[in-house]
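Predicted structure and sequence below. I'll ask about it afterward.
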Amino acid sequence: MSLMRMSTLIVAKNVCVRYGQTEAIKNISFVIKQGDFIGLAGPNGAGKSTLVKTILGLLPLSEGTIELFGKPQEQFHDWGKIGYLPQKFSTINVLFPATVNEVVMLGLLSQKKWPKRISKNDQQKTDKILQELDIQTLKTHMLSELSGGQQQKVLLARALVAKPELLIFDEPSTALDPQSRKEFFLLIQKLNKDKGITVILITHDTGYIGNYANKLLYIDRTLIHFGSISDFCVSKKIGPYFEKSDEHIIWHQHN
Amino acid sequence: MDFISFLHYSFIQKAFFAGSFVAMTCSALGLFLVLRKMSLIGDGLSHVSFGAIALGLFFGFYPFYIAIPIVMIASLAILKISEKAKVYGDAAIGIVSAVGIAGGVILASVSKGFNVDLFSYLFGNILAISNTEVVLSVLLSFIVLAIIYFFYWDLFSATFDEEYAKTTGIQTNSINTLLTLLSAVTVVLSIKIVGIMLASAFLILPAVTALQLAKSFKIAIVVGGIVSVLSVLLGIMFSFFLDLPTGATIVMINALFFGLALIYKRL
């Protein structure tokens, strides 16, 4: 194992986030190292998206600290190192007449200073990532004209074009059929294994993510489990969150 | 009168020149406003400019010099009210808009002297544009277009996906403020062309027409610009020859383009 693999990307210490008087998440601590594939799971309303948005600086920390790539979050500006794929179309303006080419280029803006301009080199980077994901034929199509799986690949291309070291996915498989979901997860696994990109992936499906992730971060407003999935399966922590039959299935999937 | 003689009138040339610049500005900015569901901000700010113009006339200042800063302040007030007072954006626009109209009516009532002047701003008259107004319109349009050019990708990203834009380090709150301030300037500029009552239509119509036809955002900007400028040129021409109010004719031609675009899209 190289030193690179051991380098630390995220250190979260006692992270608390409040919406007014409501405590969305509290006292969550974990360390994510380069090369990890983290499944971030938990029941509905557990604070999974809140945690990810806090890491990305979209929500303010109420208490605790987050370090990104060795820097306190407030001093971290190298956002090109982090690729983000939000929950499908939760935030995207679907009436916007953007082409696939234009959407993917948005991923390069994190590397640019004002006034942001797109160069020939940027176009080459965009073409390359479209080719890698086998969607180069869609380049001039409008995003709204594509199927769910194709749209998801375009958003992945946007997240990947700046060559991030960390990819964060917020429930990427929500709108995908089983076959597209399998293909999408295999693609993410390939990025993790072949390119060493660290992955954090929010999912509801604790059973499914075990086929791909090497660690599980299970939260329910606070930290329930952080470590290997098989440890979670045999631990008593699993009890309150799953029916006996589900526990059995998950145990079989990971052992 | 023939068409060549019509083009030789200096007031027509001035109207064409200033109108085209303001039209391009309105269509470019209008696209961002429509896509951000902020179309009604043009309506609200044009109502504020009614009050601001009344204030200018009341104190004997050139109304546009007063209107631009006041409408800019009002635009910031809309932003702050919706952010801080837990009021939705449309309600915030309603509040500021009502204050603008009410202020204008009170000033007109108190002064009893400039009602005719004030009401002439309601429907605009680009054919009566002065040299100073031409310079002001072209200069401010140029500044607004230059700002849109330099912030193009920031505006694009923040409009397409605001949350993602933040993760790429774009200061989306600043972009929102910038867009609101630019809207304020553009609304005041469009008042001279189509008047207070129709200023928001001048912002919205070319944008929604372009959105029917465009296959990319860049094409949308170009199509919107062409539609908007053509509407102004044709509107000035038809209103002159048919003796119709110019502002209203420009807006009707814009609406006609929108109708044609809708039909074309469904063919």
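Received, thanks.

Would you mind listing what in chain A touches chain B?
Proximity of chain A to chain B, by Cβ under 8 Å from any Cβ of the partner chain, involves residues A:53, A:56-58, A:77, A:79-80, A:82, A:84, A:86, A:91-93, A:95-99, A:101-103, A:105-107, A:109-110, A:112, A:114-118, A:140, A:142, A:158. Where you see a C-beta, it was placed from the backbone N, CA and C, and this is true even at glycine.

Just the buried ones from these?
A:53, A:56-58, A:79-80, A:82, A:84, A:86, A:91-93, A:96-99, A:101-103, A:105-107, A:109-110, A:112, A:116, A:118, A:142, A:158 (16 or more other Cβ atoms under 10 Å in any protein chain shown).

Please list the members of those that lie in helices.
Counting by DSSP state H, the part of these found in helices is A:Lys53, A:Asn101, A:Glu102, A:Val103, A:Met105, A:Arg158.

Pick the one among the residues you listed closest to A:Leu9.
A:Lys53 (17.1 Å; Cβ to Cβ).

list the contacts for the nearest residue to that closest one once chain neighbours are set aside?
In space, and not counting its chain neighbours, A:Lys53 is closest to A:Leu59: 4.5 Å by Cβ to Cβ, 6 or more residues apart in numbering or on different chains. By Cβ atoms under 8 Å, 6 or more residues apart in numbering or on different chains, the contact set of A:Leu59 is A:Val17, A:Thr50, A:Lys53.

Would you check how far apart A:Pro86 and A:Glu74 are?
Relative to A:Glu74, A:Pro86 is positioned 22 Å away (Cβ to Cβ, to the nearest Å).

picking that back up, could the contacts of A:Leu59 be laid out in TSV, adding distance to B:Val229 and pLDDT?
Formatted as TSV, these follow (distance: Cβ to Cβ, whole Å; pLDDT from 0 to 100):
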residue	distance to B:Val229	pLDDT
A:Val17	49	96
A:Thr50	47	95
A:Lys53	43	94
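
Hmm, A:Ser110 and B:Gly169 touching each other?
Yes - counting by Cβ atoms under 8 Å, A:Ser110 is a contact partner of B:Gly169 at 5.4 Å.

who touches both of these two?
Joint contacts of B:Gly169 and A:Ser110 (Cβ under 8 Å, 6+ apart) are A:Trp79.

B:Ile68 - that's part of a helix, no?
Yes - membership of B:Ile68 in a helix is supported by DSSP: H, G, I helix; E, B strand; the rest coil.

From chain A, how far off is it?
From B:Ile68 over to chain A the distance is 25 Å, taken as Cβ to the nearest Cβ, to the nearest Å.

Equivalent analysis for B:Ser239, please.
32 Å.

residues near B:Val135, how many?
Neighbour count of B:Val135, defined by other Cβ atoms under 10 Å in any protein chain shown: 11.

swap in B:Phe17?
14.

Next up, the contacts around it.
B:Val134, B:Val138 are the contacts of B:Phe17 under Cβ under 8 Å, 6+ apart.

Figure out how far the helix or strand hosting it is from the centre of its chain.
For B:Phe17, the host element (DSSP states H and E) is helix B:10-35. Averaged C-alpha coordinates place helix B:10-35 at 8 Å from its chain's average position (Cα atoms, centre = their mean, to the nearest Å).

and what of stretch B:135-154?
13 Å.

now do stretch B:238-256
17 Å.

Equivalent analysis for stretch A:177-192, please.
For stretch A:177-192, the distance to the chain centre is 13 Å (Cα atoms, centre = their mean).

Find the nearest non-adjacent residue to B:Gly89, please.
In space, B:Gly89 is closest to B:Ser82, 4.6 Å off (Cβ to Cβ, 6+ apart).

and the spatially most central residue of chain A, helix, strand or coil?
Computing the C-alpha centroid of chain A and ranking residues by Cα atoms, centre = their mean puts A:Ile168 first, at 1.8 Å. Secondary structure, three-state DSSP: A:Ile168 is strand.

Pretty sure it sits against A:Lys81.
No - applying Cβ under 8 Å, one finds A:Ile168 not in contact with A:Lys81, separated by 11.3 Å.

who touches the closest residue to A:Ile82 other than its chain neighbours in this structure?
Spatial nearest neighbour of A:Ile82, chain neighbours left out: A:Leu166 (4.9 Å); criterion: Cβ to Cβ, 6+ apart. Applying Cβ under 8 Å, 6+ apart to A:Leu166 gives the contacts A:Leu9, A:Ile10, A:Ile32, A:Lys81, A:Ile82, A:Gly83, A:Ile197, A:Thr198, A:Val199, A:Ile200.

The last one and A:Gln179, how far apart?
The reference is to A:Ile200. From A:Ile200 to A:Gln179 the distance is 24 Å (Cβ to Cβ).

Between the two, tell me which one has more neighbours.
Just comparing A:Ile200 and A:Gln179: by other Cβ under 10 Å the higher neighbour count belongs to A:Ile200, 26 against 9.

So that one, which state does it fall into?
strand.

pretty sure it is touching A:Leu51, no?
No - counting by Cβ under 8 Å, no contact exists between A:Ile200 and A:Leu51, whose distance comes to 9.2 Å.

shared neighbours, the two?
Joint contacts of A:Ile200 and A:Leu51 (Cβ under 8 Å, 6+ apart) are A:Leu40.

Check what pLDDT the residue of the stretch 151-255 of chain A found nearest chain B gets.
Closest residue of the stretch 151-255 of chain A to chain B, Cβ to the nearest Cβ: A:Arg158 (7.7 Å). Per-residue pLDDT puts A:Arg158 at 95.

for it, what are its contacts?
Contacts of A:Arg158 by Cβ under 8 Å, 6+ apart are A:Gly83, A:Leu85, A:Val103, A:Val104, A:Leu106, A:Gly107, B:Tyr164.

repeat that with 6 Å
A:Val103, A:Val104, A:Leu106, A:Gly107 (Cβ atoms under 6 Å, 6 or more residues apart in numbering or on different chains).

What helices and strands are in contact with the helix or strand of chain B with the lowest mean pLDDT?
In chain B, no helix or strand scores lower on mean pLDDT, DSSP states H and E than helix B:115-123, which sits at a mean of 81. Contacts defined by 3 or more Cβ pairs under 6 Å, 6 or more residues apart in numbering or on different chains; DSSP states H and E place helix B:115-123 against helix B:40-59.
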